[in-house]
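Enquirer: Curious how this folds, go ahead:
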Amino acid sequence: MDSIFTPKSSSTSTLSSPAFISRFLEASSSRKFSSLTFVGSRPIRYSSYSTTFSMVSNDVSKPKIISGDFGYVLEDVPHFTDYIPGLATCSNPLQDNPAYSVVKQYFVHVDDSVPQKIVAHKDSPRGIHFRRAGPRQKGGYRGFYARNTTALTPKVVNDIHKRGGTILGTSRGGHDTSKIVDSIQDRGINQVYIIGGDGTQKGASVIFEEIRRRGLKVVVAGIPKTIDNDIPVIDKSFGFDTAVEEAQRAINAAHVEAESVENGIGLVKLMGRYSGFIAMYATLASRDVDCCLIPESPFYLDGEGGLFEYIEKQLKENGHMVIVIAEGAGQELLSESKQSRNQQDASGNKLLQDVGLWISHRIKDYFSRQKTMAINLKYIDPTYMIRAVPSNASDNVYCTLLAQSAVHGAMAGYTGFTSGLVNGRQTYIPFYRIIEKQNNVVITDRMWARLLSSTNQPSFMSDKDVTEENISGGKKGEGPATQLLDNGNCADGVLGKKEVSSV
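Expert: Numbering: from 1, shown residues only. All right, here's what the predicted structure looks like:
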């Protein structure tokens, strides 16, 4: 007998969060446990590789890296048996569940892993792998110390996946590690699921380290939720597909407005403080966009090859155009003001100036000075409309997989991980890999080339603009520091499992 520890009930949150909560309750209620405390955890075994695997370090505070033959490297996630001895084990109740009695391949083998890169040369090493998620056959931060905790039951969460936003609420700031862990300990919570973007995942990592330092039998699992899609390693974060789909409404409206008048310009600002994935994918999906501007790709306004010249050319040829700009694009071009200089929000993020309004004024001023043509510009800012809608079908399915994988990992005794898709497979990724840098659009990659081909816009870049950072999508230790809360979405989901209470 090999695995697991128990749950009791549930909670969680945000854009696609209601969908996650309902999926989470569905996943954990199938266990049918009544006890809250741990009754087991799974000893780590590497049966088929036991003669060749070696641990890089026995220090539990260091990354858990296991190497094997032919350049195989497993960046594993922590397990309770790494630092808490003598834990009991019990069998997985799904073995007796009629729904899975005829699907034995549903259970994940102890040695299964997922490669980070699926394209490799025949002579190259096998590379980095992550532990595959799934059941083993054997085997908002202020809410933590708030008084008004929310009780979640199957009845309460029955229809929440059809709503947008977060039923648990969201906040900026409020991350006090000691107070959070004290509250977890005092309330007897033994499973904590923290939902959010890159900043939230960093906060989850800090909480996990404090819990491990105290030797508590508490699982900490991260759920990657951000419409910006700026979490590294994983294929995508949930909420991203919904945001791209909803952005089409704004782009379609801008196209209709621009096409309806002479020299019409439709300008749409989308979310994306440091990563332009929403703008890029919405542009590719629309096929009506003539220019897409993102933070990773510098641009300039005046002169030969500049944005103004391109706009004028498009208007002369087509009589209208649509521009999509991410909120973080062109910030270096905006003149600094006393109001915004060095100011930060409660999460520690630099306050951005409104690039949409700024570039609208600059375009109007340019054509007013040129006096060669009169333009009609319509500016659309759908920022929070995109974030507030219910999740679409794709994100709903993804939520189901994330919920089940997170529960399975917790029940197997794994902790300090984020659950997510890597090359189409559910995996457990150690926190340190998730928080080491942000995921950015690589402007020398094929996807950006496809966008340039779709819009026919110039790159707006010279050779000096092509730096190592935007070639690689950001190097470790460079770029904006990841705060304990997200760059636009705050710390919007924390699930603590103790009976029917959640925070």
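Enquirer: just the strands in the stretch 101-250 of the chain please.
Expert: Counting by DSSP state E, counting those that start in this stretch, the stretch 101-250 of the chain forms strands over residues 113-115, 127-132, 150-151, 191-196, 219-224, given from the N-terminal end onward.
Enquirer: for those strands, which one sits closest to Phe240?
Expert: The closest of these to Phe240 is strand 219-224. By Cβ to Cβ, the value is 9.5 Å. In short, each C-beta sits where N, CA and C put it, glycine included.
Enquirer: Let me know the angle separating the closest one from strand 191-196.
Expert: With axes from the mean of the first three to the mean of the last three Cα atoms, to 10 degrees as the basis, strand 219-224 and strand 191-196 are set at 20 degrees to each other.
Enquirer: any idea of the mean pLDDT in strand 219-224?
Expert: Average pLDDT, strand 219-224: 94.
Enquirer: Contacts only, for the nearest residue to Ala326 once chain neighbours are set aside.
Expert: Residue nearest to Ala326 in three dimensions, not counting chain neighbours: Gly272, with 3.4 Å by Cβ to Cβ, 6 or more residues apart in numbering. The contact partners of Gly272, taken as Cβ atoms under 8 Å, 6 or more residues apart in numbering, are Asp228, Ile278, Ala279, Ile294, Pro295, Ala326, Glu327, Gly328, Ala329.
Enquirer: quick one: which helix or strand includes the second one?
Expert: Here Ile278 is covered by helix 277-286, with elements defined by DSSP states H and E.
Enquirer: who's in contact with that helix?
Expert: 227-230, 240, 243-245, 247-248, 251-252, 255, 270-272, 289, 292-294, 322, 324-326, 329, 386, 439, 441, 447-448, 450-451, 454-455.
Enquirer: quick one: buried residues of that helix?
Expert: Counting neighbours by 16 or more other Cβ atoms under 10 Å, one finds that the buried residues in helix 277-286 are Phe277, Ile278, Ala279, Met280, Tyr281, Ala282, Thr283, Leu284, Ser286.
Enquirer: okay, the contacts of Gly272 in CSV with distance to Cys399 and pLDDT next?
Expert: As requested, the contacts of Gly272 are arranged in CSV below (distance: Cβ to Cβ, whole Å; pLDDT from 0 to 100):
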residue, distance to Cys399, pLDDT
Asp228, 17, 94
Ile278, 19, 97
Ala279, 24, 97
Ile294, 27, 97
Pro295, 28, 95
Ala326, 25, 97
Glu327, 26, 94
Gly328, 27, 93
Ala329, 30, 94
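Enquirer: If we only consider those residues, which is nearest to Ile180?
Expert: Relative to Ile180, and with distances defined as Cβ to Cβ, the nearest of these is Asp228, at 24.4 Å.
Enquirer: who touches the closest residue to the closest one other than its chain neighbours in this structure?
Expert: Computed as Cβ to Cβ, 6+ apart, the closest residue to Asp228 that is not its neighbour in sequence is Ser275, at 5.3 Å. Ser275 makes contacts with Asp228, Asn229, Asp230, Ile294, Pro295, Glu296, Ala326, Gly328, Gln438, Asn439, Asn440, Val441, as judged by Cβ under 8 Å, 6+ apart.
Enquirer: switch to 6 Å and redo it
Expert: With contacts taken as Cβ atoms under 6 Å, 6 or more residues apart in numbering, Ser275 has the following neighbours: Asp228, Asp230, Asn440.
Enquirer: cool, and Arg126?
Expert: Phe70, Gly71, Tyr72.
Enquirer: before we move on, the earlier item: which members of the contacts of helix 277-286 are classed as buried?
Expert: Buried residues within the contacts of helix 277-286, defined by neighbour count using 16+ other Cβ under 10 Å: 227-230, 240, 243-245, 247, 251, 255, 270-272, 289, 292-294, 322, 324-326, 329, 386, 439, 441, 448, 451, 454-455.
Enquirer: mind listing which of these are in helices?
Expert: Phe240, Ala243, Val244, Glu245, Ala247, Ile251, His255, Ile386, Trp448, Leu451, Ser454, Thr455 (DSSP state H).
Enquirer: quick one: the third one from Asp76, how far?
Expert: Think Val244. When distance is defined by Cβ to Cβ, to the nearest Å, Val244 is 33 Å away from Asp76.
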